[in-house]
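Visitor: need a structure here:
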Amino acid sequence: MPHASYEHIAVDVAGFVATIEVRRGPNNFIDTDMVGEIADALEEFDRTSDVRTIVLCSEGKHFCAGADFGSRGPDGVAKAAKRGRHLYKEAQRLWRSGKPIVAAVHGSAIGAGVGLAVMADFRVTCPEARFSTNFTRLGFHPGFGLTASLPRLIGEQQAALMFYTGRRLTGEEALKIGLADYCVPQDQVRAKATELATEIGQSAPLAIVSTRETLRRGLAEAVARATEREYEEQDWLRGTADFKEGTKAMGERRLPNFQAR
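Guide: Predicted coordinates for the structure are as follows:
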């Protein structure tokens, strides 16, 4: 079947399983254009009866290393942050997709990269992967709808631990708390994700879509509300000295010295 032409992703269909591969390696930094293309592809597959399930994966070292705060300098960081509202509007589209998605997380998922992984129905990962919602380590508020989606997936307590500490979880730790569904050797992550997507696709497609809609009822709306709140908080926090220190410290690979101002 023909597909739209994309700049930041590649799509393919084998049998009834579609693959969306992010091609912005090695880091696969997230931005509005990339998220918009993923949303476009998901909407295309929703209109295609031949596609029953979707694998979301990435090329390069990382699944998605979040937003590129560290390498742009203060002006670049501010411009990237101000584009957040547009990014979150595109992100809301992801949650309105209708078919099951399996994320193949072969490397780090950081910040909004965790949000992208959590958007999927299931996550296959490996011991080498790292999951971190490191927003507060940057002096920033969590985003990408994670304040709604992450507690729903792993519970409020585990989500609070991830948000407050910014700690990095291994693939095994992610599996233990329910953030991942399978942990396999790194070179088998995509194959396992495709295997799971194929298994799901062997169930009746109309019944799967119907069941998924019931299970996720209200989630897209909750994420939309959360992103509005998240952006408002990020808007004032980006003007603080702590945000400048957090992003500077990340670029210098050191522990930040926050002053609560």
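
Visitor: give the contact list for Glu173.
Guide: Phe131 (C-beta atoms under 8 Å, 6 or more residues apart in numbering). C-beta coordinates here come from the backbone N, C-alpha and C atoms, glycine included.

Visitor: Apply 10 Å and report the result again.
Guide: When contacts are counted by C-beta atoms under 10 Å, 6 or more residues apart in numbering, Glu173 touches Pro127, Ala129, Arg130, Phe131, Arg167, Leu179, Ala180, Cys183.

Visitor: Against Val189, how distant is the last one?
Guide: Noted for Cys183: a distance of 9 Å to Val189, by C-beta to C-beta, to the nearest Å.

Visitor: what is in contact with the two at once?
Guide: Val105, Arg123, Val124, Thr125, Cys126, Ala129, Gly171.

Visitor: how about low-confidence regions in the stretch 1-150 of the chain?
Guide: 1-3, 69-85 (pLDDT under 70).

Visitor: All the strands of it, residue numbers only.
Guide: Using DSSP state E, counting those that start in this stretch, the strands of the stretch 1-150 of the chain run over residues 9-14, 17-22, 53-58, 101-105, 109-110, 122-125, 130-132.

Visitor: Format those as TSV; extra columns: distance to Asp31.
Guide: Below are the strands of the stretch 1-150 of the chain laid out as TSV (distance: least, C-beta to C-beta, whole Å):
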stretch	distance to Asp31
strand 9-14	12
strand 17-22	11
strand 53-58	14
strand 101-105	18
strand 109-110	14
strand 122-125	22
strand 130-132	19
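
Visitor: Format those as CSV; extra columns: mean neighbour count.
Guide: Shown next, in CSV, are the strands of the stretch 1-150 of the chain (neighbours: other C-beta atoms under 10 Å):
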stretch, mean neighbour count
strand 9-14, 16
strand 17-22, 22
strand 53-58, 26
strand 101-105, 28
strand 109-110, 28
strand 122-125, 28
strand 130-132, 23
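
Visitor: closest to Gly143 out of those strands?
Guide: When the strands of the stretch 1-150 of the chain are compared by C-beta to C-beta, strand 109-110 sits nearest Gly143, at 12.2 Å.

Visitor: for Thr165, what are its contacts?
Guide: Taking C-beta under 10 Å, 6+ apart, one finds Ser132, Thr133, Asn134, Thr136, Arg137 in contact with Thr165.

Visitor: Now Glu172, what are its backbone angles?
Guide: phi -70, psi -40 (degrees, to the nearest 10).

Visitor: my read: it touches Arg130, true?
Guide: No: using C-beta atoms under 10 Å, Glu172 is not in contact with Arg130, being 11.2 Å away.

Visitor: looking at the strands of the stretch 1-150 of the chain, which is closest to Gly218?
Guide: strand 101-105 (18.1 Å).

Visitor: quick one on the thing from earlier: a markdown table for the contacts of Glu173, including distance to Gly145?
Guide: What follows is these, written out as a markdown table (distance: C-beta to C-beta, whole Å):
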| residue | distance to Gly145 |
| --- | --- |
| Pro127 | 27 |
| Ala129 | 21 |
| Arg130 | 21 |
| Phe131 | 16 |
| Arg167 | 21 |
| Leu179 | 15 |
| Ala180 | 19 |
| Cys183 | 25 |
